[in-house]
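> sharing a model that was predicted from the sequence below.
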Amino acid sequence: MQLVLRIAAYLTFLLGIGLLGRLLGMYSLSGMVDMLHMLLGIATAILALVVLGNTIRQDGIRGIAAWFPLLPLALGILWYTSMNGVMALIAIHAVLGLTAIGLIEMHLARRKRAQRAALGQQ
Ligand code: HEM
């Protein structure tokens with residue numbers, strides 16, 4: 001499940017970079033890319049809650065990583081539904097998206113270290 005979360009997060013990121021290039025007029029892309037980015041973004045937000053949700057009440061990165069992807073998702077949905085063309089919104093969206101993926105990675109790395117340490121103590 002952790003692997004699926006990471007794959008969804010990285011694909012969302014890669015497609016997001018592609019969409020940024022199109023938005024800046026560098027090339028054109030099929031509308032499928034928008035749809036895939038949106039679906040993978042929704043999957044990332046749901047999977048983060050499922051995989052990391054048990055730590056939501058903890059402080060620091062552990063708790064934040066579970067719900068943070070909901071922020072870029074909310075801005076992405078705003079862009080898609082009513083605020084299409086507001087460049088500041090998509091710039092904030094991209095920064096929050098990158099932050100969300102970084103937080104997920106940090107959380108998973110900490111979890112792995114903790115598991116290794118626990119195994120070492122046995
Ligand atoms: C968890 C992270 C993310 C989620 C949940 C997410 C979700 C969404 C959603 C729902 C939309 C609106 C539908 C669409 O137009 O495709 C969108 C649009 C967009 N996203 Fe993301 N996104 C995430 C991360 C990123 C990242 C990291 C980048 C860039 C590096 C990015 C760049 C964009 C761009 C440029 C658009 C506008 C596409 C267009 O209509 O031209 N997103 N995102």
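Here it is on my side, so go on.

> could you use CA atoms for every contact and neighbour count after this?
Fine.

> packing partners for the longest helix seen in the chain?
Secondary structure of the chain per DSSP state H: the longest helix is helix 87-121. If you count contacts as 3 or more Cα pairs under 8 Å, 6 or more residues apart in numbering; DSSP states H and E, helix 87-121 packs onto helix 2-23, helix 60-67, helix 70-81.

> can you redo those as TSV with mean pLDDT and mean neighbour count?
Listed next are the helices and strands packed on helix 87-121 as TSV, based on pLDDT from 0 to 100; neighbours: other Cα atoms under 10 Å:
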stretch	mean pLDDT	mean neighbour count
helix 2-23	97	17
helix 60-67	85	20
helix 70-81	97	17
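
> Ile101 is nearest to which of the ones you listed?
helix 2-23 (6.2 Å; Cα to Cα).

> can you name the next helix or strand after that closest one?
Toward the C-terminus, helix 2-23 is succeeded by helix 31-52 as the next helix or strand (DSSP states H and E).
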